[in-house]
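J.: Sequence and predicted structure below; questions after.
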Amino acid sequence: MAEMEKVGLSVNPLVAKLRLIALFISLIVVFQGVLVLLGWVFESSILKSTLPGFIEMKTNAALGFVLAGAALFLQLKTPIVGRQQTIARLLAVLTVIIGVLTLAEYLFNFNLGIDQLLFDEPSGAFGGLLPNRMGVPAAISLTL
């Protein structure tokens, strides 16, 4: 038992359950982001939307989902060391950068062009005045 605690493995059943929940959530978030990106690749409104009738998720938000979910997934391995830790941190930092840059675009009313890097969306598309720019709540969520 002491050896398990040395390497960061918890014998606490509550911690084990919470880690399992975090693993499940990380996989759902990555899966949702990948589905949305596939929706943009194949121009499928059904895949771009989280639920039928909802507005479409923007590509940077979907990319942020994939990056954040993957970072969480990598952090769940215990102990996390070396290259895996570096990759997890890099993915998390990239997620925050996407959110911060999008918030800066809103706050300072300028366009960095990051919204249309992956996919073009026609001007005036449903769900936003700015082509392919995620909403403020999504940008704040990625930043946090």
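T.: It's in.
J.: Secondary structure element holding the residue nearest the centre of the chain?
T.: Central residue of the chain (C-alpha atoms, centre = their mean): residue 65, 1.7 Å from the mean position. Element membership for residue 65 (DSSP states H and E) is helix 59-75.
J.: which other helices and strands contact that helix?
T.: helix 13-41, helix 82-108, helix 136-143 (3 or more C-beta pairs under 8 Å, 6 or more residues apart in numbering; DSSP states H and E). (Glycine included, C-beta is placed from N, CA and C.)
J.: So, low pLDDT: which residues of this structure?
T.: The chain contains residues with pLDDT under 70 at 1-11, 122-129.
J.: that older thread, pull up the gap between the residue nearest to the centre of the chain and residue 53, please.
T.: 20 Å (C-beta to C-beta, to the nearest Å).
J.: ok so, going back, which residues lie in contact with the residue nearest to the centre of the chain in this structure?
T.: 29-30, 32-33, 36, 57 (C-beta atoms under 8 Å, 6 or more residues apart in numbering).
J.: Check residue 25 too.
T.: 69, 72.
J.: Let me know which of the helices and strands packed on helix 59-75 is tucked in deepest.
T.: helix 136-143 (a mean of 17; mean count of other C-beta atoms under 10 Å).
J.: related to what we said a few turns ago, which members of the contacts of residue 65 are the farthest-apart pair?
T.: 30 and 57 (13.7 Å; C-beta to C-beta).
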